[in-house]
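Chemist: The sequence and its predicted three-dimensional model are supplied below.
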Amino acid sequence: MSALLSLRSVSVNFGRGEKALRVVDGVSFDIDVGGTLGLVGESGSGKSVTSLAVLRLIPERLGWSTRGRIEFEGQNLLDLPADKMPEIRGRDIAMIFQEPMSSLNPVMTIGSQISEALFLHGWPNRAKRHARVVEMLRLVGIPDPEGRLGAYPHQFSGGMRQRVMIAMALACSPKLLIADEATTALDVTIQAQVLELMKKIRSDTGTAILMISHDLGVIADICDRVVVMYSGRVVEVADIRSLLQRPAHPYTRGLLESVPRKGQERERLYQVPGSVPMAGSVRQGCPFRARCSVAVDKCAVKMPPMFRFAEDQRAACWVSAEQSNAPVIEDLK
Amino acid sequence: MIRYLLIRLLDAVPTVLLVLTLVFIAMRILPGDPAISALGDMATAEQLQVFRDKMGLNDPLWQQYFSFLGKMLTLDFGKSLMNGREVVDLIAFNLPYTIELTLAAVFMGIFVGVPFGVWAATNPNRTPDAAMRGFSLIGYAVPDFYLGALLLITFSLNLGWFPINGGGEGLIDRLYHVFLPALTLAFIKAAFLGRLTRTALLEVLGKDYVRTARAKGAREPRVVYRHGLRNALLPITTGLGLSTLAALSGSVAVEMVFNRPGIGKLLISAIAERDYAVIQAGVTVFAMFVVAINLLMDLVYVLVDPRIRVK
Ligand SMILES: Nc1ncnc2c1ncn2[C@@H]1O[C@H](COP(=O)(O)OP(=O)(O)OP(=O)(O)O)[C@@H](O)[C@H]1O
Ligand SMILES: [Mg+2]
């Protein structure tokens, strides 16, 4: 399968020169047409910044800059003139944000907000837009869609707002949906419903999904491949099976042990000890070494490159690579 | 929504009563004797007594208070002590000029201040923003009477482009006459609104829903006006109300400088001549103006913010 979106050595810096903070560092991964890719990592690992970089929504004016290649259908988005991006946003790539409470415009009705997405991408006919908005609201399970069109965001609960966001993102049938913690702010039942909805959408419309979460359980539920990020870097990329059965990176193993499983709910969950160093703050060696139980001297000196562990599994760890004799991946392309 | 407006309207009732009470008290503690100022120093004690009886100045205070309230609410302002004309007529003649001046200043202030503020907010820390800062600094620092005099001397006296005084006759002429006085007030208002728009919009443009607008493919102008400015309108409305009240008090000075008719000018000359009936009516009208502006602002809030509408 050909890649719909592929990131190659994408770095996002905050600030310039010596003091620049490399919030995202050399991230590479692919999403296939119709595929579902999970992006996991602890808070602050750079997941949101990476996804915003894809849509070029990183506020350059505030001192952010993106480097590398972000290819969507073979076209490097970073090379596009800035005024071409609005054509892609919402139509080809749509995004659901982490913050359902504040991501909808408080002074516009939800109907007009969804309708606007359509209007911006070739739906000049008002009646058709209206019909589509109702259809989308019904799809995401909002009761009485006709009657709710004229309601404002504050009249909805968090879960309902997230559904509205999903309806808005899917209105133009995008080829790729980026869902940034789309379910994190919701309570468990609603979370399950929204996840079901996303699965349904994937199978109904063939939309590729980039699912961002710090919850590996959620990712495992819906994705076929996973990217694990740590402190702004990709530490492991694998198909979901390999990742669950034989994780290559010690950080991934730690994450897996912290996922609650049936039958052991009462037990105290394992936690990866320590906390994430701020993205970009570790400048030498492996950023995970301070929390790593298997770290060796080499880890403090040299940043591990990507090693190939299986056909669709690569990870950046000196120790694991040596143990399983994994070869270095010279060139990702 | 209707309910909300009715509540606002009812809320205004105590305000009106309070204002009238304050006017009443102020009139009683004002130095000087209305009878003397009406009849002159040469009046006999008897004449003064007759006058006081006629004006109800000898009645018990509470009786005076209620008859005052009744008269004010029915617009029965009495006669001017100076020239004997009906005060209602004086007000009716002067009020349109003040309203005209205020409205012109508000519109000019909005049409200059808001776009300027948007321009500054969309170019933070660059030339437009610096220009905005300079402009607002001048606007805050320069007093209205001084600016008015400056404009009058430059454009009316020296260049002769605008009339020197008066209010004008007929629509075009009146607009011509109101231009410089309104510009005086509008300058200060624009500086204030511009600064306010910049701050409010800059904050709104950093909100998550603005990012959402961009993410769905909206281009910058739509993002700024439809999503940004529309949300920044609430603080701007508040500021507009405040600055309109400020412009009202500014109108007193401006009417004097440009020697044009208006409530402010009427009030000032009435104070100079101790014309109690006119002072009383002028202050009351001013106060009602303030109440009306506040009501208007409440109405605008409803239009601007749906969250108020449903509550
Ligand atoms: N506006 C900002 N200014 C400065 N630094 C920022 C800003 N936004 C994010 N960062 C930094 O970028 C890094 C990555 O943040 P990001 O939001 O991408 O993390 P995340 O993986 O999405 O975390 P979470 O799970 O909490 O959403 C963090 O270290 C954060 O401190
Ligand atoms: Mg995030």
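Modeler: Cool, the structure landed. Residues are numbered from 1 along each chain as shown, chains lettered A, B, ... in the order given. Ligands and ions are numbered 1, 2, ... in the order given.
Chemist: C-alpha from now on. contacts and neighbour counts both.
Modeler: Fine.
Chemist: per-residue confidence for B:I236?
Modeler: For B:I236, the model assigns a pLDDT of 90.
Chemist: any idea how far it lies from chain A?
Modeler: 15 Å (CA to the nearest CA, to the nearest Å).
Chemist: now B:T237
Modeler: Taking CA to the nearest CA, one finds B:T237 at 15 Å from chain A.
Chemist: how about the helix or strand harbouring that residue: buried residues?
Modeler: Assigned by DSSP states H and E, B:T237 belongs to helix B:230-257. Neighbour counts over helix B:230-257 (16 or more other CA atoms under 10 Å in any protein chain shown) mark B:230-245, B:247-248, B:250-257 as buried.
Chemist: where exactly do the helices run in the chain?
Modeler: Picking chain A for this. A:47-54, A:85-88, A:110-119, A:126-139, A:145-148, A:158-170, A:188-205, A:216-222, A:240-245, A:250-257, A:297-301, A:318-323 (DSSP state H).
Chemist: Sorry, I should have been clearer: chain B.
Modeler: B:2-29, B:34-39, B:45-55, B:61-73, B:87-121, B:127-141, B:144-151, B:170-205, B:208-215, B:220-222, B:230-257, B:263-272, B:276-304, B:306-310.
Chemist: closest to A:P304 out of these?
Modeler: For A:P304, the closest of those is helix B:208-215, at 35.0 Å, according to CA to CA.
Chemist: Which one, of the helices of chain B, ends up nearest to A:S115?
Modeler: Going by CA to CA, the one of the helices of chain B nearest A:S115 is helix B:208-215, 11.9 Å.
Chemist: do the closest one and chain A meet?
Modeler: Yes: contact between helix B:208-215 and chain A, assessed by CA under 8 Å from any CA of the partner chain, occurs at B:D208, B:Y209, B:V210, B:R211, B:T212, B:R214, B:A215.
Chemist: Can you tell me the number of residues neighbouring the residue of chain B at minimum distance from ligand 1?
Modeler: Closest approach between chain B and ligand 1, counting by CA to the nearest ligand atom: B:G206, at 9.8 Å. Neighbourhood size, B:G206 [other CA atoms under 10 Å in any protein chain shown]: 12.
Chemist: Could you do the one 10 residues further on as well?
Modeler: For B:K216, the number of neighbouring residues by other CA under 10 Å comes to 30.
Chemist: again, but for the one 10 residues further on
Modeler: For B:R226, the number of neighbouring residues by other CA under 10 Å comes to 17.
Chemist: And for A:T189?
Modeler: A:T189, neighbours per other CA under 10 Å, totals 10.
Chemist: Equivalent analysis for B:A272, please.
Modeler: Neighbours of B:A272 using other CA under 10 Å come to 9.
Chemist: Can you pull out the low-pLDDT segments for the stretch 1-150 of chain B?
Modeler: B:31-32, B:37-38 (pLDDT under 70).
Chemist: I misspoke; the intended subject was the stretch 51-200 of chain A.
Modeler: In the stretch 51-200 of chain A, residues with pLDDT under 70: A:185.
Chemist: and it, which residues reach ligand 1?
Modeler: Applying the criterion CA under 6 Å from any ligand atom, no portion of the stretch 51-200 of chain A neighbours ligand 1.
Chemist: where does the stretch 51-200 of chain A come near chain B, residue by residue?
Modeler: A:55, A:57, A:83, A:85-91, A:94-95, A:97, A:99, A:102-107, A:117, A:120-121, A:152, A:154, A:169.
Chemist: ok now do A:I58, which residues does it touch?
Modeler: A:V49, A:L52, A:W64, A:S65, A:T66 (CA atoms under 8 Å, 6 or more residues apart in numbering or on different chains).
Chemist: Repeat the analysis, applying 7 Å as the threshold.
Modeler: Contact analysis of A:I58 by CA atoms under 7 Å, 6 or more residues apart in numbering or on different chains lists A:L52, A:W64.
Chemist: Next: B:T184.
Modeler: B:T184 neighbours (CA under 7 Å, 6+ apart): B:D144, B:L147, B:G148.
Chemist: let's go with 10 Å and repeat that
Modeler: B:105, B:109, B:139, B:143-152, B:247, B:250-251, B:254 (CA atoms under 10 Å, 6 or more residues apart in numbering or on different chains).
Chemist: Same check on A:R246?
Modeler: A:T252, A:R253, A:F309, A:Q313.
Chemist: go on, B:L95?
Modeler: B:D89, B:L101, B:P261, B:G262, B:I263, B:G264, B:L266, B:G282, B:V285, B:F286.
Chemist: PyMOL command to pick out the buried ones of the residues you listed?
Modeler: The buried residues among the contacts of B:L95 can be selected in PyMOL (16+ other CA under 10 Å) with this line:
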select buried, chain B and resi 101+261+262+263+264+266+282+285+286
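Chemist: So which of the contacts of B:L95 is the closest to chain A?
Modeler: Chain A lies nearest to B:L101 out of the contacts of B:L95, by CA to the nearest CA, at 32.4 Å.
Chemist: was I right about that closest one contacting B:P181?
Modeler: Yes: here B:L101 reaches B:P181: they are 7.2 Å apart, a contact under CA atoms under 10 Å.
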